[in-house]
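# Build me a structure from this.
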Amino acid sequence: MKFTTAALLAVGPFIASKAGLAATADDVKLVNQCVKDNKNEGAKKEVVLKYCTCMNNKMDNETKSIAQWEKTHPAEQRACNREAGWE
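Numbering: from 1, shown residues only. Alright, predicted model coming up:
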């Protein structure tokens, strides 16, 4: 099964609602870009999606991409790696 942006758009609101948040268009855009940026990093698609969602949820009114933000927030990156099961 090919993982597509359309699939993320369909599950984006579900993921955000599980976190107790309302998904916005910006959230979906940031998570989609993060998934795209990490697609060749060796993790399963579900793990990447969980990681990207976790990182997005930790960001508070940021204007940076997740890739930019994670470089200056290593503690959050480690926490999301653990939460997603990305070892």
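
# Can you verify my assumption that Met55 contacts Cys34?
Yes: under the criterion of CB atoms under 8 Å, Met55 makes contact with Cys34 at 6.6 Å. In this view, the C-beta of every residue, glycine as well, is placed from N, C-alpha and C.

# Let me know the next secondary structure element after the helix or strand hosting Cys34.
Using DSSP states H and E, Cys34 sits within helix 25-37. With elements assigned by DSSP H and E, the helix or strand that comes after helix 25-37 is helix 45-58.

# Can you dump the C-alpha atoms of that following helix in PDB for me?
Only the C-alpha atoms of helix 45-58 are listed here, as PDB (Å, rounded to 0.1, in the frame of the first residue of the first chain):
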ATOM      1  CA  LYS A  45       5.500   4.700   7.500                       C
ATOM      2  CA  GLU A  46       3.300   4.400  10.600                       C
ATOM      3  CA  VAL A  47       6.300   5.200  12.800                       C
ATOM      4  CA  VAL A  48       7.200   8.200  10.700                       C
ATOM      5  CA  LEU A  49       3.600   9.500  10.900                       C
ATOM      6  CA  LYS A  50       3.500   9.000  14.600                       C
ATOM      7  CA  TYR A  51       6.900  10.800  15.000                       C
ATOM      8  CA  CYS A  52       5.800  13.700  12.800                       C
ATOM      9  CA  THR A  53       2.500  14.000  14.600                       C
ATOM     10  CA  CYS A  54       4.200  14.000  18.000                       C
ATOM     11  CA  MET A  55       6.700  16.700  16.900                       C
ATOM     12  CA  ASN A  56       3.900  18.800  15.500                       C
ATOM     13  CA  ASN A  57       1.900  18.500  18.700                       C
ATOM     14  CA  LYS A  58       4.900  19.700  20.700                       C
END
